[in-house]
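Trainee: What follows is a predicted protein model with its sequence.
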Amino acid sequence: MLNSKTIVALSTPQGIGAIGVIRLSGFEAISITQKLFKGKNLLEQATHTIHFGHIIDKNDVIDEVVVAIFKEPHSFTKENVIEISCHGSNYIIQKIIKLLLENGACYASPGEFTQRAFINGRFDLAQAEAVADLIASDNESAHKAALNQMRGGFSQNLKNLRQDLVTFYSLIELELDFAEEDVVFANRNDLKTTVLKIYAFVISLLESFSYGNAIKNGIPTVIAGKPNAGKSTLLNALFNEEKAIVSEIAGTTRDVIEDELIIEGVKFRFIDTAGIRETADKLEAIGIERTKKKIAQASILLYIFDIETENLDDLIQVKQDFSFIPTLFVANHIDKLDEKTFELKLKELKNINIDCIFISAKNDINILILKDKIVKTALGETFSTGDSLVTNIRHYENLKNANSALENILLGLENDIFTDLLAQEIRQAVYFIGQITGEVTNDEILETIFSKFCIGK
Ligand SMILES: Nc1nc2c(ncn2[C@@H]2O[C@H](COP(=O)(O)OP(=O)(O)OP(=O)(O)O)[C@@H](O)[C@H]2O)c(=O)[nH]1
Ligand SMILES: [Mg+2]
């Protein structure tokens, strides 16, 4: 084992709870715990067993506890691990940790348990990072993506492809060693086939990032429309809460209002915007510019309009202008129409081929149907959850770098560039791919990654 120190930290959240779990990892985890434990001799117990007993300070009983034993290598860190479940009082927890420190344990730094798991080969770096994502996940899709990645996700595939590239790299290096003899060890066609395969995979991972990122941070969904269409009323209806100011004055919302909402296990970030119209008001104009920017960055557009007053030509225009983004047309204010007028409007909209969801934001009519439609649109636009998703910006950056190195290799092969230049590009690609799974990393990178974890993870 690389680490001789035995580390300790509270693994449950700070604060008062029914129980707190203190975790130790390291060669001496069991023997250090035994020094303050009154009960069975922990040193003689089998792995994966739990034991009731007391934590004592000299002769004072501190708490009744349950101790779980995981012996190396069958533990989270692949080291000896002890988990002490005690009562969740801050006093008890601090006291037990202090006793453990006095008996030879050291305080764990943030993410050190997971870091050890990585160093001891329990999983690769991308999987270790997924542990942090899993803990942070607050919705079903983010949870699925993190769990999938923690179990291996795209890592193995990436590692295999990288290995193929490494093989070519060594052959090319060999050619350089025999430069004077002008021999070819690396078949250029085979190299091209391999590079194309990796390239396709890297591209698919890069493409998954926007969705992966969205499910982690919420799928950006913009509510836009003319002033007084009922955008802010709709935002409030979706959240069932008065988030935005609603008034009959056109141009009420000037700044963008955003918040997150989980619907059917998918996280959305709803964005209420300033109504779009021609205006001489400087502040309102700035708001409208922001609206347009938000739409450009969003994944879904909810275009809401007042069914009583909306001009059909304007709707056709909107459909054209925003064809770049999946758009749901939301016909609002249906409460104001009698049945006959409603039927008429229905026909008109059908004639111009605009599919709508009919709601009354103010009276909470059909909001659930709208929510359902939003989820379907989000899922239809995106990947099935079984796919590998890139959710981590560090992975994304490395994939982008690997991608440009791969492009250079392909270009180089087309143009028959010098072998040493080719070797350099292959080395780059191998390096950046290796950065993701942690096959090449320096201590500094590791430190930044694991310092983002909390203590006790
Ligand atoms: N009758 C009726 N009134 C509604 C409905 N939805 C919104 N309103 C009213 O329409 C007016 C404008 O609503 P807002 O939600 O402020 O409209 P907005 O689109 O946010 O407007 P701006 O922020 O000015 O662009 C308010 O008086 C609302 O109460 C609806 O479904 N039926
Ligand atoms: Mg508004």
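Mentor: Nice, I can see it. Ligands and ions are numbered 1, 2, ... in the order given.

Trainee: all contacts plus neighbour counts: C-alpha atoms, from now on.
Mentor: Fine.

Trainee: so where's the stretch 351-457 of the chain shaky on pLDDT?
Mentor: Scanning the stretch 351-457 of the chain for pLDDT under 70 picks out 381-387, 441-442, 444-445.

Trainee: and the gap between the residue in the stretch 51-200 of the chain positioned nearest to ligand 1 and Phe239?
Mentor: The stretch 51-200 of the chain approaches ligand 1 most closely through Asn139 (28.2 Å), counting by C-alpha to the nearest ligand atom. Separation of Asn139 from Phe239 (C-alpha to C-alpha, to the nearest Å): 16 Å.

Trainee: Give me the more crowded residue out of those two.
Mentor: Using other C-alpha atoms under 10 Å as the criterion, Asn139 and Phe239 rank with Asn139 on top: 19 against 14.

Trainee: what's near enough to touch the nearest residue to the residue of the stretch 51-200 of the chain closest to ligand 1 once chain neighbours are set aside?
Mentor: Of all residues not flanking Asn139 in the chain, Gly265 sits nearest, at 5.4 Å (C-alpha to C-alpha, 6 or more residues apart in numbering). By C-alpha atoms under 8 Å, 6 or more residues apart in numbering, the contact set of Gly265 is 139-141.

Trainee: Phi, psi for Gly265 please.
Mentor: Note on Gly265: backbone dihedrals following degrees, to the nearest 10 are phi 80, psi 0.

Trainee: do Ala68 as well
Mentor: Per-residue torsions, Ala68: phi -110, psi 140 (degrees, to the nearest 10).

Trainee: ok, it - how many residues close by?
Mentor: Residues lying near Ala68 (other C-alpha under 10 Å) number 20.

Trainee: State the pLDDT value of it.
Mentor: Here, the pLDDT recorded for Ala68 equals 98.

Trainee: Confirm for me that it is in contact with Glu83.
Mentor: Yes: Ala68 lies in contact with Glu83 (C-alpha atoms under 8 Å); the separation is 5.1 Å.

Trainee: Get me the contact residues on the chain for ligand 2.
Mentor: Taking C-alpha under 5 Å from the ion, the part of the chain that reaches ligand 2 is made up of 232, 253.

Trainee: go with 8 Å
Mentor: The chain comes close to ligand 2 at residues 227-228, 230-233, 244-247, 251-254, 272-275, as judged by C-alpha under 8 Å from the ion.

Trainee: Okay, and which of those residues map to helices?
Mentor: Cross-referencing those against helices under DSSP state H gives 231-233.

Trainee: Let's have those in TSV, adding neighbour count.
Mentor: As requested, these are exported to TSV (neighbours: other C-alpha atoms under 10 Å):
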residue	neighbour count
Lys231	30
Ser232	29
Thr233	24
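
Trainee: Go through the residues you listed and say which is closest to ligand 2.
Mentor: Ligand 2 lies nearest to Ser232 out of those, by C-alpha to the ion, at 4.1 Å.

Trainee: Correct me if wrong: the closest one contacts Ala274.
Mentor: No: contact criterion C-alpha under 8 Å: Ser232 and Ala274 do not qualify, at 9.2 Å.

Trainee: Give me the common contacts of the two.
Mentor: Between them, Ser232 and Ala274 share these contacting residues under C-alpha under 8 Å, 6+ apart: Thr253.

Trainee: what's the helix or strand for Glu343?
Mentor: Here Glu343, judged by DSSP states H and E, is contained in helix 339-351.

Trainee: Which member of the contacts of Gly265 is positioned nearest Ala126?
Mentor: Ser141 (18.1 Å; C-alpha to C-alpha).

Trainee: Save the contacts of Gly265 as TSV, and put in pLDDT and distance to Val202 too.
Mentor: As requested, those are exported to TSV (pLDDT from 0 to 100; distance: C-alpha to C-alpha, whole Å):
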residue	pLDDT	distance to Val202
Asn139	81	27
Glu140	82	26
Ser141	80	22
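
Trainee: State whether Ala9 is indeed within a strand.
Mentor: Yes: counting by DSSP: H, G, I helix; E, B strand; the rest coil, Ala9 is part of a strand.

Trainee: residue contacts, the residue of the stretch 351-457 of the chain found nearest ligand 2?
Mentor: Distance from ligand 2 to each residue of the stretch 351-457 of the chain (C-alpha to the ion) is smallest for Ala361, at 12.2 Å. Contacts for Ala361 (C-alpha under 8 Å, 6+ apart) come out as 230, 233-234, 237, 332-333, 367.

Trainee: Quick check: the gap between it and Leu43.
Mentor: Remark: distance between Ala361 and Leu43 (C-alpha to C-alpha) = 66 Å.

Trainee: same deal with Gly212?
Mentor: As judged by C-alpha to C-alpha, Gly212 and Leu43 stand 45 Å apart.

Trainee: Neighbour count: these two, which is higher?
Mentor: Each of Gly212 and Leu43 has its neighbours counted (other C-alpha under 10 Å); Gly212 has more, 26 against 12.

Trainee: residues near Glu289, how many?
Mentor: Using other C-alpha under 10 Å, Glu289 has 12 other residues around it.

Trainee: Using a markdown table, lay out the ones in helices among the residues of the chain next to ligand 2 together with distance to Leu261 and pLDDT.
Mentor: Shown next, in a markdown table, are these (distance: C-alpha to C-alpha, whole Å; pLDDT from 0 to 100):
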| residue | distance to Leu261 | pLDDT |
| --- | --- | --- |
| Lys231 | 16 | 95 |
| Ser232 | 15 | 95 |
| Thr233 | 16 | 96 |
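
Trainee: Tell me the buried residues in the helix or strand bottoming out on mean pLDDT in the chain?
Mentor: When the helices and strands of the chain are scored by mean pLDDT, DSSP states H and E, helix 443-451 comes last with a mean of 73. For helix 443-451, a neighbour-count test (16 or more other C-alpha atoms under 10 Å) marks 449-450 as buried.

Trainee: Which neighbouring elements make contact with it?
Mentor: Other elements packing on helix 443-451 under the criterion 3 or more C-alpha pairs under 8 Å, 6 or more residues apart in numbering; DSSP states H and E are helix 112-119.

Trainee: how far off helix 443-451 does the helix it packs on point, in degrees?
Mentor: Between helix 112-119 and helix 443-451, the angle comes out at 130 degrees (axes from the mean of the first three to the mean of the last three C-alpha atoms, to 10 degrees).

Trainee: ok, which stretches of the stretch 251-400 of the chain are helices?
Mentor: Counting by DSSP state H, counting those that start in this stretch, one finds helices in the stretch 251-400 of the chain at the ranges 282-297, 312-321, 339-351, 367-381, 393-414.

Trainee: residues from the stretch 351-457 of the chain in reach of ligand 1?
Mentor: The interface of the stretch 351-457 of the chain toward ligand 1, taken as C-alpha under 6 Å from any ligand atom, is made up of 360-363.

Trainee: ok, of those, which one's closest to Leu99?
Mentor: Leu99 lies nearest to Ala361 out of those, by C-alpha to C-alpha, at 59.8 Å.
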